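K.L.:
any chance you could fold what I've pasted below:
(one chain, ligands or ions: 1)
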Amino acid sequence: MSALLEAQGLALRAGERTLLANFDLRIEPGQCWALLGPNGSGKSTLLHTLAGLRPAQGGQVRLEGRPLAQWPPLEAARRRGLLPQQLHDAFAAPVLDVVLTGRHPHLPRWGWEGEDDRRIARAALAAVDLYGFEARDVRGLSGGERQRVGIAALLAQAPRLLMLDEPLAHLDLPHQVAVLAHLRALAQREERAVLLSIHDLNLAHRFATHALLLGRPGVAPRAGAADAVMSAAALSEAFGHRVRRGELQGRTVFVAD
Ligand SMILES: Nc1ncnc2c1ncn2[C@@H]1O[C@H](COP(=O)(O)OP(=O)(O)OP(=O)(O)O)[C@@H](O)[C@H]1O
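P.N.:
Residues are numbered from 1 along each chain as shown. From the prediction side, this is the model:
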């Protein structure tokens, strides 16, 4: 199967520190990847690099077979999207307008959003349980509501590869489960793929098909099927903290000592 995203020989540094060296990754349609690792292990840096928003120090990233740098920005934005960790609102704006920013890569040059774009944006709001929030000022939302507006904007953008940096931040438990279920279903039903950073090991194992585990300094990254990568030994080594893995009512659970 052809890859949506492929990294080969990737090298990433932050300041003096090497985060990744000679790193390979292949993300195929239908896959849902959990990006795991301790604070500062390079998850955000890697997401920004794979999205083409930050240069790598070596190696190559290909989006649908073509080097990232060769994609015109608008065409790339129709194929891959990134929800960053921090969302800023400098101005007052209705929620619907914020979600409609996700449609910009799809608009004709100098064009305005049409009824189809508004329908897609409303459906995205409904998917994150924000039906009826369209006219609310984005600056008056709670942290979890604001986070879900960001997710809705990415859903409205409708890229084939969705990348999300800690999308569960600020979300309550039911919305964490609902958002992950929605993203996984998108990947599996529509031949799309998801790569999201996440600190909750239980939810990561439950919803991800694949896992990429970054380690603290000196520990090599691991990538592959989520169940295989997320062993107690590998997680304990990556985090430098004992993690136990067990079963509870048919579900795999992880507990930190
Ligand atoms: N411009 C920079 N100069 C020096 N170090 C940097 C720079 N940018 C990032 N770093 C460092 O690179 C490391 C990786 O940061 P990154 O944000 O990618 O980690 P992360 O895995 O996403 O962490 P978290 O779980 O806390 O979100 C951190 O130690 C960070 O302090």
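K.L.:
is His48 in contact with Gln85, as I believe?
P.N.:
No: taking contacts as Cβ atoms under 8 Å, His48 lies outside contact range of Gln85: 9.9 Å. Yep, even glycine has a C-beta here, placed from its N, CA and C like the rest.
K.L.:
can you give me the pLDDT of Leu162?
P.N.:
pLDDT recorded at Leu162 is 98.
K.L.:
let me see the ranges of the strands in the stretch 51-200 of the chain.
P.N.:
If DSSP state E, counting those that start in this stretch is used as the criterion, the strands of the stretch 51-200 of the chain fall at 58-63, 66-67, 80-83, 161-165, 193-197.
K.L.:
can I get the ones you listed in a markdown table with distance to Pro174 and mean neighbour count?
P.N.:
Listed next are these as a markdown table, based on distance: least, Cβ to Cβ, whole Å; neighbours: other Cβ atoms under 10 Å:
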| stretch | distance to Pro174 | mean neighbour count |
| --- | --- | --- |
| strand 58-63 | 34 | 17 |
| strand 66-67 | 39 | 12 |
| strand 80-83 | 20 | 22 |
| strand 161-165 | 18 | 24 |
| strand 193-197 | 18 | 26 |
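K.L.:
flag the shaky bits of this protein, pLDDT-wise.
P.N.:
1 (pLDDT under 70).
K.L.:
up against the ligand, what does it have?
P.N.:
Remark: the part of the chain in contact with the ligand comprises Ala14, Gly15, Leu19, Gly37, Asn39, Gly40, Ser41, Gly42, Lys43, Ser44, Thr45, using Cβ under 6 Å from any ligand atom.
K.L.:
ok, which pair from those residues is furthest apart?
P.N.:
Gly15 and Gly37 (17.8 Å; Cβ to Cβ).
K.L.:
looking at those two, which has the bigger crowd around it?
P.N.:
Neighbour tally, Gly15 and Gly37, criterion other Cβ atoms under 10 Å: the higher count belongs to Gly37, 23 against 5.
K.L.:
my guess is that one contacts Thr45, does it?
P.N.:
No: using Cβ under 8 Å, Gly37 makes no contact with Thr45, being 10.9 Å away.
K.L.:
buried set for the longest helix seen in the chain?
P.N.:
Longest among the helix segments of the chain by residue count, using DSSP state H, is helix 173-190. By neighbour count with 16 or more other Cβ atoms under 10 Å, helix 173-190 contains the buried residues His175, Gln176, Ala178, Val179, Leu180, His182, Leu183, Arg184, Leu186, Ala187, Gln188.
K.L.:
ok, those residues vs the ligand, which is closest?
P.N.:
Nearest to the ligand, judged by Cβ to the nearest ligand atom, of those is Gln176 at 16.7 Å.
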